[in-house]
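# build me a model from this:
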Amino acid sequence: MSLLEITNCPGTLAEGYHTYSPIALKRMFGGKKVSHILPYTSYKTDNVDVEKFIENRKRISISGVQEKLSLLLEKNRIRLTSEGEPGTYILKPIPRDVKKVDQVPANEHLTMQIARQVYKIDTAENALIFFETGEPAYITLRFDVKPNGNKWRKEDFASLAGKSKDTDGADYKYHYNYEDLGALIRKYVPSWRVEIEKYFKLVVFNYLFSNGDAHLKNFGLLETAQGDFVLSPAYDLLNTKLHVNDPDFALDGGLFADGFKSRDWEKNTAPSHLDFEEFARRIGIQEKRISALLKSFLERQPLVEQLIARSYLEDSLKKGYLNNYNKKRNLLS
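Alright, predicted model coming up:
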């Protein structure tokens, strides 16, 4: 099927839509009727828009290896920002240097939708959008931009942990563990008891859905209207196993500061619910809440299977995605 033959909403993956559904339009574009086709031919280097893309990339300040472009909504049209214009959307075209590169946008979109729709994780608003040639791209609404164009303060956990290239080398954002990251939330977030549960769900989700790139810069704190900080909406969620052979945990210290492993982990060389229960205790989650937070991850979720089937992944990767999920859930249980 051509990617331009839309049969499910490229935003919510709801069935029976040939463009964005009303819910997707409301969440992503303030209800404006925006096309799922960008007004640009292609992101490939041999197309007429390449100079615009090169110039635009110089203006975006968001870190990361994958190329990103800055967009804004003008009337009912999404376009690249010009010099001096603040962007309200980030566009991530097909990246480079991994297997199945053309499937990365659909993978990230699917993973973000599963996080929100199935596990009720607060995520950045997102959708798929397509160049005129049919190339898919991932588009996300910036959550750090206020309605007046000013920015909310945002801190990623590399900064909070005091990690940088100068102090820890090129791979600084991977040199940590998730238990100590939880301690940073307790230190810097006044409402940490609420936010630590959100963090816990995100760590379990990343394990269950094979996101091996959940490093320090992919967690952040966001300023609120009251001037304090909470955990930012989740972003950059991706089933990396479909593209690279990476470990279960992005942080090289793993889950625990002391390298703890349960009997299940020792036996199966993979963590189980016992490890995540211990992790929950260590980061400060109340004992009576742990089982309730884990419950949805341990149970089979039919909506996961439905969203995978409706996604814009090619059939072989849909199968791989589902197999990875089932394997991890069995280990977790």
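# which is the next helix or strand following the helix or strand of the chain with the lowest mean pLDDT?
Least confident element among the helices and strands of the chain, by mean pLDDT, DSSP states H and E: helix 50-57 (a mean of 57). From helix 50-57 onward toward the C-terminus, using DSSP states H and E, the following helix or strand is strand 69-74.
# mind listing what the closest residue to residue 78 other than its chain neighbours touches?
In this structure, residue 78 finds its nearest non-sequential neighbour in residue 71, 5.4 Å apart by CB to CB, 6 or more residues apart in numbering. Heads up, the C-betas are built off the backbone N, CA and C, glycines and all. Taking CB atoms under 8 Å, 6 or more residues apart in numbering, we find residue 71 in contact with 78, 79, 80, 81, 87, 88, 89, 90, 91, 139.
# quick one: residue 71 from residue 195, how far?
Noted for residue 71: a distance of 30 Å to residue 195, by CB to CB, to the nearest Å.
# then residue 181?
12 Å.
# again, but for residue 310
Distance from residue 310 to residue 195, by CB to CB: 31 Å.
# swap in residue 87?
27 Å.
# could you do residue 233 as well?
Relative to residue 195, and taking CB to CB, residue 233 is found at 12 Å.
# swap in residue 134?
41 Å.
# what is the neighbour count of the residue nearest to residue 270 when sequence neighbours are not counted?
Using CB to CB, 6+ apart and skipping residues adjacent in sequence, the residue nearest residue 270 is residue 331, 4.6 Å away. A total of 18 residues lie near residue 331 under the criterion other CB atoms under 10 Å.
# contacts only, for residue 331.
Contacts of residue 331 (CB under 8 Å, 6+ apart): 268, 270, 271, 272.
# I'd like to know which of those are buried.
270, 271, 272 (16 or more other CB atoms under 10 Å).
# who are the contact partners of the second one?
Spelled out, that is residue 271. Residue 271 touches 207, 248, 255, 261, 262, 264, 265, 331, 332, counting by CB under 8 Å, 6+ apart.
# ok, those residues vs residue 35, which is closest?
Distance to residue 35 across these (CB to CB) is lowest for residue 207, with 36.9 Å.
# let me see the domain layout of the protein.
Here the domain parsing of the chain from automatic domain parsing is 22-141, 154-298.
# lowest-confidence stretch among the ones you listed?
Lowest mean pLDDT of the domains of the chain: domain 22-141, a mean of 86.
# can you get me the start-to-end distance on that one?
16 Å (CA to CA, to the nearest Å).
# again, but for stretch 180-196
12 Å.
# list the buried residues in it.
180, 181, 182, 183, 184, 185, 189, 192, 195, 196.
# cool, and stretch 147-157?
In stretch 147-157, counting by 16+ other CB under 10 Å, buried: 155, 156, 157.
# now do the helix or strand encompassing residue 317: distance to the chain's middle.
Using DSSP H and E, residue 317 falls within helix 315-332. With CA atoms, centre = their mean, to the nearest Å as the basis, helix 315-332 stands 18 Å off its chain's centre.
# average pLDDT for that helix?
Here the average pLDDT along helix 315-332 is 96.
# just the strands in the stretch 201-333 of the chain please.
220-223, 229-231 (DSSP state E, counting those that start in this stretch).
# and among these, the most buried is which?
Among these, strand 229-231 has the highest mean neighbour count (mean count of other CB atoms under 10 Å), at a mean of 21.
# strand partners of that one, parallel vs antiparallel please.
Strand 229-231 has the following strand partners under DSSP bridges: strand 220-223 (antiparallel).
# part of a strand, is residue 99?
No: using DSSP: H, G, I helix; E, B strand; the rest coil, the secondary structure at residue 99 is coil, not a strand.
# is it true that residue 218 touches residue 235?
Yes: using CB atoms under 8 Å, residue 218 is in contact with residue 235, at 6.9 Å.
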